[in-house]
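Engineer: only geometry, no sequence info:
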DNA sequence: ATCATCACG
DNA sequence: ACGTACGTGATGATT
């Protein structure tokens, strides 16, 4: 039989380390009931790490017992100087105990003794039995326990790394044996435990003495060997201290334990209990890593494999039907479709033959029922690839979950189900991840399908109730769900990319790049990797000795704002800036976009509808919302062309939508007046903050500064941020902001109000009741709290603007269909919609699109929309 | 996987 | 005294 392995954990010390390791981020880790979980989470992952690493057969976690110990009785000041543990820590301790119970790990504390003594006693017993022991602690004093079969693992900075103290390692570090560690502590004392040692003796001196004498006892027996000195005087005077300190530092290896080694057998966690605890504590990471969520360990489920012979079994029902067309990859435009399920209240029908869906019988059946899905857009696009229509999706678990709380950052079905207290294996657990992702055996796959179907039908009424309770039913039913269908249509339509045109541009940029490269190498006097900020930093700030303006945490900053300040210092700087520009265009917008073109010569982006915290969309594979719009990069837009000869690209954008939203929700009369009279809002702001009488007095520079201030206001202003942005002093920026709030007083009230609302109810809302929770609003950490406050001010503005364009998109799609136009909507870029259509329809679009967009919602100020069209996206400006 | 950088609104 | 503008995604380098 292999050697028994024992793991002893200093629970008190590790819990403390865990708490302080995440101390600065503490307020990010709280449950909705306000319980801090940072120590619990960190302790949990430390536990997983060490159990994984040492694979013990026996485990004990020892804690200090509250109240005094035999050491306090001996020396009343022992640990007396310590502050009481923070309440945020103490509230977590009971949960750490519960966590250990659920992990199946014994924990123990003994009256009058410290965790060290419990550990020391057990380690000694284990040594006697010839077991192999690892002790995990944050306290170096425990290294005195190291023996040939006991290793003391001490946490290094943070909690991730362990330093293994074997007798050999102790010898290497201190030239001492483990048992001499207590002599070391006796001489040095310990400030954290508050015992004295010998005056003026620190680690250096203590080590020297011990190398000479071996122990405190031997030192005092032979003290005459020391030449007279201040140190010797101190030693003599403090002999009692030294001896007492040594006793205090000595771990009692014969503590009267009421448990023994045989009580410590470790057989693994109670996964159901752990899952329940993790769920209760909202520990999503931990839940995700729980190995239990595999199909095998789930209760068996029933399903029927659908074939063309048993289609008649699909029952007619008025109840909701769960549906999914499953793919293992993110990109549903191209992913292999591995199967589907149709789940009714009674039975789940499954198949890997997705062509069954194309049979008229199945299509008709699907058309006759209300479908409940996870990710409507994904299913719509995938079905369309088969030529299948899903006309009646009326619930989307992913979307509903996102609206209830947008900060869920997962789109794993199992994860979302678990977030709503429904136990469903993660997709990741059933399918694997990364290179290991594959279609599982049919039994697992179909079992997973059937469980998902049940989850959908169970969670649907629950989430609908919650949406209703949060006043978000209309947001869900009338906005997000219809939008999913509109977005699916836009993604499927795609936009044609003229790769030849783009490649032509790319060739020019590539040659510019080569010229600049050579020039820069010559100026630098060496060749290096220009794309490496690290190497570039060395060249600029070490070789060329340019002044360092800013540092990043890894080295010198070489970002644009830094380089711009260095432009006059050396001609190399401008060349680097130019190189950066063309390198970016070439790699991201030429090579990158060409790589993303589908065989139909089109780009089919995917809009992420459940990602942003504000309600905006985002766009991936490729990102079509950050195509260059200014300067040379704008040429890229020439490569985006209509799908047909004689068609054009048409674009409409909201003018100043965020400031108009602000004027509306703040109710500010002065700002509303400016918009009602269609004035240039930035010039208007300039007149007000610079106290001018006429628009003629506004200089371009005043307007620029006023514009930056307007933006700053929308972002949740700070004088520092504004100062940095427009290159004025912080004092001047402060004056701008004060002036601004004087001129737009209700904007000021709005800012205060949003922060107050966030504090009182824990979240802020948009015009359409989109919600964002701001846990950090109560943080004691200035940075986190300030960030939450700015977010409270910005989110209703950015989010309401996002709501408005979403409404416009839904109406716009309907209008295109009603008017039987060939034109179609292709892209959305936050405040802008892009279409393509026959040249003959351009005039109609020019009338229709702005009308739909500016009437999407009725605000206290008008919405203004501007339109352009032309042969390419570049020309639609 | 994370960082620094830079593209967009 | 603290050290900050809001929301995103892709790239190449580095770990």
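Structural biologist: On my side now, so go ahead. Fair warning: this is a prediction, and the values are worked out from it, not measured in the lab.
Engineer: contacts for the lengthiest strand in chain A?
Structural biologist: Scanning chain A for the longest strand, with DSSP state E as the assignment, gives strand A:647-655. Residues external to strand A:647-655 that are found in contact with it (C-beta atoms under 8 Å, 6 or more residues apart in numbering): A:640-642, A:660, A:801, A:804-805, A:823, A:829, A:831-839, A:842, A:845-846, A:849-850, A:853, A:863-873, A:875-877. Quick note: C-beta positions are derived from backbone N, CA and C, even for glycine.
Engineer: can the following helix or strand past it be found next to DNA strand C?
Structural biologist: On the C-terminal side of strand A:647-655, the nearest following helix or strand under DSSP states H and E is helix A:657-666. No: using C-beta under 7 Å from any atom of the strand, we find that helix A:657-666 stays clear of DNA strand C, coming within 8.8 Å at best.
Engineer: so for stretch A:150-160, mean pLDDT?
Structural biologist: Stretch A:150-160 carries an average pLDDT of 73.
Engineer: coming back round to it: of the contacts of strand A:647-655, select the buried ones using a PyMOL command.
Structural biologist: Applying 16 or more other C-beta atoms under 10 Å to these leaves a buried subset, and the PyMOL line that selects it is:
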select buried, chain A and resi 640+641+642+660+801+804+805+823+829+831+832+833+834+835+836+837+838+842+845+849+850+853+863+864+865+867+869+872+873+876
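Engineer: please name the strands paired to the longest strand of chain A in the sheet, noting orientation.
Structural biologist: Using DSSP bridges, the strands paired with strand A:647-655 in its sheet are strand A:832-838 (antiparallel), strand A:864-870 (antiparallel).
Engineer: mind checking how far the following helix or strand past the first one is from the chain centre?
Structural biologist: Meaning strand A:832-838. Next helix or strand after strand A:832-838 toward the C-terminus (DSSP H and E): helix A:842-854. Here helix A:842-854 shows a centroid-to-chain-centroid distance of 39 Å under the convention C-alpha atoms, centre = their mean, to the nearest Å.
Engineer: average model confidence for helix A:842-854?
Structural biologist: So the average pLDDT for helix A:842-854 ends up being 97.
Engineer: who's in contact with that helix?
Structural biologist: A:648, A:650, A:652, A:654, A:805, A:808, A:811-812, A:815, A:819, A:821, A:823, A:833, A:835, A:837, A:862-867, A:869.
Engineer: one more time with 7 Å, if that's ok
Structural biologist: Residues outside helix A:842-854 that contact it (C-beta atoms under 7 Å, 6 or more residues apart in numbering): A:648, A:650, A:652, A:654, A:808, A:811-812, A:815, A:821, A:823, A:833, A:835, A:837, A:862-865, A:867, A:869.
Engineer: ok, now stretch A:856-867?
Structural biologist: Applying C-beta under 7 Å, 6+ apart, the external contacts of stretch A:856-867 come out as A:650-655, A:657, A:660, A:663-664, A:672, A:675-676, A:767, A:804, A:807-808, A:811, A:846, A:849-850, A:853-854.
Engineer: just checking, residue A:110 touches residue A:65?
Structural biologist: Yes: contact criterion C-beta atoms under 7 Å: residue A:110 and residue A:65 qualify, at 6.0 Å.
Engineer: which of these two has more neighbours?
Structural biologist: residue A:110 (20 against 17; other C-beta atoms under 10 Å).
Engineer: how close does that one get to residue A:865?
Structural biologist: Distance of residue A:110 to residue A:865, given as C-beta to C-beta, to the nearest Å: 75 Å.
Engineer: and the pLDDT for residue A:748?
Structural biologist: The pLDDT attached to residue A:748 in the predicted structure is 95.
Engineer: so what's it closest to, chain neighbours aside?
Structural biologist: residue A:741 (3.8 Å; C-beta to C-beta, 6 or more residues apart in numbering).
Engineer: ok, then the element right after the helix or strand harbouring the one you found?
Structural biologist: Here residue A:741, judged by DSSP H and E, is contained in helix A:730-743. Next helix or strand after helix A:730-743 toward the C-terminus (DSSP H and E): helix A:745-761.
Engineer: in chain A, which residue sits nearest DNA strand C?
Structural biologist: Closest residue of chain A to DNA strand C, C-beta to the nearest atom of the strand: residue A:712 (2.0 Å).
Engineer: list of residues touching the strand or helix carrying that residue?
Structural biologist: Take DSSP H and E as the rule and residue A:712 turns out to sit in helix A:700-715. Under the criterion C-beta under 7 Å, 6+ apart, residues A:658-659, A:662, A:681-683, A:685-686, A:689-690, A:721-722, A:725-726, A:736, A:740, A:747, A:790, A:794, A:797 lie in contact with helix A:700-715.
Engineer: so, in contact with DNA strand B or not, it?
Structural biologist: No: for helix A:700-715, no contact with DNA strand B is found by C-beta under 7 Å from any atom of the strand; the gap never falls below 8.2 Å.
Engineer: contact partners for residue A:72?
Structural biologist: residue A:78.
Engineer: rewinding a little: how many residues are close by the residue of chain A closest to DNA strand C?
Structural biologist: Using other C-beta under 10 Å, the number of residues around residue A:712 comes to 21.
Engineer: how far away is the residue nearest to residue A:748 from residue A:21?
Structural biologist: 41 Å.
Engineer: most distant residue from the middle of chain A?
Structural biologist: In chain A, counting by C-alpha atoms, centre = their mean, residue A:224 sits farthest out from the average C-alpha position, at 64.7 Å.
Engineer: list the buried residues of the helix or strand containing residue A:574.
Structural biologist: For residue A:574, the enclosing helix or strand under DSSP H and E is helix A:571-584. Using 16+ other C-beta under 10 Å as the test for burial, helix A:571-584 gives A:572, A:573, A:575, A:576, A:578, A:579, A:580, A:581, A:582, A:583.
Engineer: phi and psi next, for the residue of the stretch 351-500 of chain A found nearest DNA strand B.
Structural biologist: Distances between the stretch 351-500 of chain A and DNA strand B by C-beta to the nearest atom of the strand are smallest at residue A:434, namely 7.0 Å. Per-residue torsions, residue A:434: phi 60, psi -130 (degrees, to the nearest 10).
Engineer: count the neighbours of it for me.
Structural biologist: Residues lying near residue A:434 (other C-beta under 10 Å) number 6.
Engineer: residues contacting it?
Structural biologist: By C-beta under 7 Å, 6+ apart, residue A:434 has no neighbours at all.
Engineer: any idea how many residues pack against residue A:847?
Structural biologist: Neighbour tally, residue A:847, other C-beta under 10 Å: 11.
Engineer: again with residue A:817
Structural biologist: Counted with other C-beta under 10 Å, residues neighbouring residue A:817 total 11.
Engineer: please, which helix or strand holds it?
Structural biologist: Residue A:817 is part of helix A:782-818 when elements are defined by DSSP H and E.
Engineer: tell me if that helix is near DNA strand C.
Structural biologist: Yes: using C-beta under 7 Å from any atom of the strand, helix A:782-818 reaches DNA strand C at A:782, A:783, A:786, A:787, A:790, A:791, A:794, A:795, A:798.
Engineer: buried sites along that helix?
Structural biologist: A:784-785, A:787-813, A:815-816.
Engineer: go on, stretch A:521-536?
Structural biologist: Neighbour-count burial for stretch A:521-536 [16+ other C-beta under 10 Å]: A:524, A:530, A:533, A:535, A:536.
Engineer: now the two most distant members of those.
Structural biologist: Greatest spacing in the buried residues of stretch A:521-536, by C-beta to C-beta: A:524 and A:533 (14.7 Å).
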